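[1] Next come a sequence and a model predicted from it.
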Amino acid sequence: MKPACVAAALSLAALSALSAAAADKAPVSFSHNDWELACDNTRTCRAAGYQQDGEPVSMRITRKAGPGTTVDIALQAGGEDELKGPLRLKVGKATVSGLEGGSPSLDANQVRTVLPELLKSDDATLTAGGGKKRVLSLSGLNAVLLKMDEAQGRVDTPGALVRRGGKPESSVLAALPMPVVNALKPVKARPGDDALAARIFPSLKLSEADGPCNSMDAVQAKSLQVHRLTDSKVLLSLECSVGAYNSTSQLWIASDKPPYAPSALEANGDFDDKDASVSSVMRVRGIGDCVSSETWHFDGKGFVRTGATIDSLCRDFPGGAWNLPRYVSRVVNATPSATPSKP
C-alpha cells in the first residue's frame with residue numbers, strides 16, 4: 001500500500017476510535033494489503049478490494065451469516081477514463097462477459113466460476129469493449145476471506161471460502177437478529193427555546209468537549225444551538241472542527257427548567273429533527289474516498305446507536321466505493337405522544 005494511504009488509514013482509525021470503543025461495536029474489522037473486511041452486528045460480512053496502482057477499480061464480496069448461505073460479488077470502476085459498454089471480467093482461467101451498468105453484479109453461476117480463480121490469482125482485469133481496462137489487486141484477499149470465515153464460524157466446514165474441512169455445516173454460526181430501535185420524533189419548538197442557550201450555558205462542563213473538539217477556550221453561549229426533543233427535554237449542540245476536512249458537534253441533553261442538569265452524550269454530529277437522528281461523518285482526505293460514519297436516534301430517553309460504516313482504504317473513489325456497515329438496525333419512527341419502549 002502507498003505510504004500516503006497507510007497514513008490515511010491510520011488517521012481514519014484514530015478518528016473513529018472514540019465511537020468504535022462503544023458497546024455494540026461490530027464484531028470484525030480487518031484489512032490486509034489491498035483488501036478490507038467489515039462484519040456487522042448481524043454477522044453479515046463484506047470484503048472490498050481495490051487496485052494497487054492505476055485507475056480505480058473495486059470488488060465487493062458479501063456473505064450473510066448462517067449455514068449454506070451464498071456469496072454475492074459486485075464490481076465498480078471509477079476514474080476520469082470511464083469504462084463504457086459491456087464489461088468483461090477475467091481472473092485466472094475464468095472469464096465473465098456482458099456485465100452491464102456502473103456497478104455490475106455477478107449471478108450465482110458466475111460467482112461459482114470466478115470465486116476459485118480469485119483465491120489463487122494475483123490480480124483480475126475488468127475490460128471495456130474498447131479495450132480500456134482496470135487491474136484489480138487480489139493481494140490480501142485470502143487473508144480477508146479467511147477472517148470472514150472465522151467471523152462466521154465457517155473454518156473447516158464444507159462451505160468455508162478458504163479453509164474447507166469436514167465439520168458439519170450445521171456448526172456455522174447463525175445470523176443475529178437486527179436490533180429494532182423505536183425512535184421518538186421531536187415535538188415542535190416552543191416560544192422561548194432560543195433563550196435557553198444563554199440560561200443553560202453556564203451549567204455546561206466544556207471540558208467534556210475536549211475529546212472530539214478543538215480550541216474550545218473561546219466558546220460563548222451564542223455558539224450553542226437548542227433543539228426541542230420532548231415537552232421537558234432539549235438537545236444542546238456545540239459545533240467544532242476536527243482536522244482539515246471535518247466538523248462535528250458536542251451534544252448534551254438537558255431539562256428546559258432549572259436545574260438544567262445537562263448530560264454529555266456519546267453521540268456527536270449533526271442533528272436532524274425530521275427523524276430525531278444525529279449523524280457523524282469523518283473523512284481522511286478531501287475527496288472523501290475513505291470515510292467513517294455513525295448514526296444515533298432519540299428513543300425518548302437518550303440517543304441510541306443505530307448505524308456505523310467504515311471505509312479505511314483510500315483508493316480514489318470520491319465518497320467511497322462501497323457502504324461497509326459495522327453496525328445496522330431497523331429504526332421504527334414513533335409519534336411524539338408515544339411512550340418510549342423500555343430498554
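    Structure received. Residues are numbered from 1 along each chain as shown.

[2] so how far is V135 from the residue nearest to K132 when sequence neighbours are not counted?
    Spatial nearest neighbour of K132, excluding adjacent residues (C-beta to C-beta, 6 or more residues apart in numbering): L83 at 5.7 Å. (Glycine included, C-beta is placed from N, CA and C.) According to C-beta to C-beta, to the nearest Å, L83 stands 12 Å off from V135.

[3] can you check E82 too?
    Applying C-beta to C-beta to E82 and V135 gives a distance of 16 Å.

[4] of those two, who's got more company?
    Comparing E82 with V135 by other C-beta atoms under 10 Å, the one with more neighbours is V135, at 16 against 11.

[5] Can you give me the buried ones in whichever strand or helix holds the more buried one?
    In the assignment (DSSP states H and E), V135 maps to strand 133-137. The neighbour-count check on strand 133-137 (16 or more other C-beta atoms under 10 Å) flags 133-137 as buried.

[6] Nearest to G66, out of those: which one, please.
    Among the buried residues of strand 133-137, L136 lies closest to G66 (C-beta to C-beta), at 28.1 Å.

[7] Tally up the residues packed near the residue lying closest to the closest one once chain neighbours are set aside, please.
    Counting by C-beta to C-beta, 6+ apart, the nearest residue to L136 once its immediate chain neighbours are dropped is A124, at 4.5 Å. Residues near A124, counting by other C-beta under 10 Å, number 23.

[8] Show the average pLDDT along the helix or strand where A124 lies.
    Secondary structure from DSSP H and E places A124 in strand 123-128. In this model, strand 123-128 carries a mean pLDDT of 96.

[9] what helices or strands is it leaning on?
    Here strand 123-128 touches strand 87-91, strand 133-137, going by 3 or more C-beta pairs under 8 Å, 6 or more residues apart in numbering; DSSP states H and E.

[10] That strand pairs with which strands?
    The pairing partners recorded for strand 123-128 under DSSP bridges are strand 87-91 (antiparallel), strand 133-137 (antiparallel).

[11] so which of those strands gets nearest V234?
    strand 133-137 (50.3 Å).

[12] per-residue confidence averaged over the closest one?
    Rounded mean pLDDT across strand 133-137 is 96.

[13] Tell me which residues are up against it.
    33-34, 49-52, 54-59, 77, 79, 83, 122-127 (C-beta atoms under 8 Å, 6 or more residues apart in numbering).

[14] Check which helices and strands the helix or strand following that strand sits against.
    Counting by DSSP H and E, the element after strand 133-137 in chain order, helix or strand, is helix 141-151. With contacts defined as 3+ C-beta pairs under 8 Å, 6+ apart, the packing partners of helix 141-151 are strand 28-32, strand 35-39, strand 45-50, strand 57-63, helix 108-119.

[15] May I see the ones you listed arranged in TSV, with mean neighbour count as well?
    Listed next are the helices and strands packed on helix 141-151 as TSV, based on neighbours: other C-beta atoms under 10 Å:
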stretch	mean neighbour count
strand 28-32	19
strand 35-39	25
strand 45-50	26
strand 57-63	23
helix 108-119	16
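
[16] can you list the ones you listed in CSV and add distance to D311?
    Below are the helices and strands packed on helix 141-151 laid out as CSV (distance: least, C-beta to C-beta, whole Å):
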stretch, distance to D311
strand 28-32, 10
strand 35-39, 8
strand 45-50, 8
strand 57-63, 10
helix 108-119, 21
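
[17] could those go into TSV alongside distance to V172 and mean pLDDT?
    Output for those, formatted as TSV (distance: least, C-beta to C-beta, whole Å; pLDDT from 0 to 100):
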stretch	distance to V172	mean pLDDT
strand 28-32	15	94
strand 35-39	14	97
strand 45-50	12	97
strand 57-63	11	97
helix 108-119	18	98
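
[18] can you tell which of those is closest to S263?
    The nearest among these, by C-beta to C-beta, is strand 28-32 at 29.4 Å.

[19] okay, the angle between the closest one and strand 35-39?
    180 degrees (axes from the mean of the first three to the mean of the last three C-alpha atoms, to 10 degrees).

[20] Could you name the stretch from the strands paired with strand 123-128 that's closest to C240?
    Closest among the strands paired with strand 123-128, once you apply C-beta to C-beta, is strand 133-137, at 38.2 Å.

[21] residue closest to the middle of the chain?
    Note on the chain: the residue nearest the mean C-alpha position is T309, at 0.6 Å, using C-alpha atoms, centre = their mean.

[22] Show me the beta-bridge partners of it.
    Here T309, judged by DSSP bridges, has bridge partners S293, P325.

[23] try V304
    H297.

[24] so it touches W296, yeah?
    Yes - assessed by C-beta atoms under 8 Å, V304 is found in contact with W296 at 6.1 Å.

[25] the more surrounded of the two?
    Comparing V304 with W296 by other C-beta under 10 Å, the one with more neighbours is W296, at 27 against 20.

[26] which residues does that one contact?
    W296 neighbours (C-beta under 8 Å, 6+ apart): 265-267, 277-278, 303-306.
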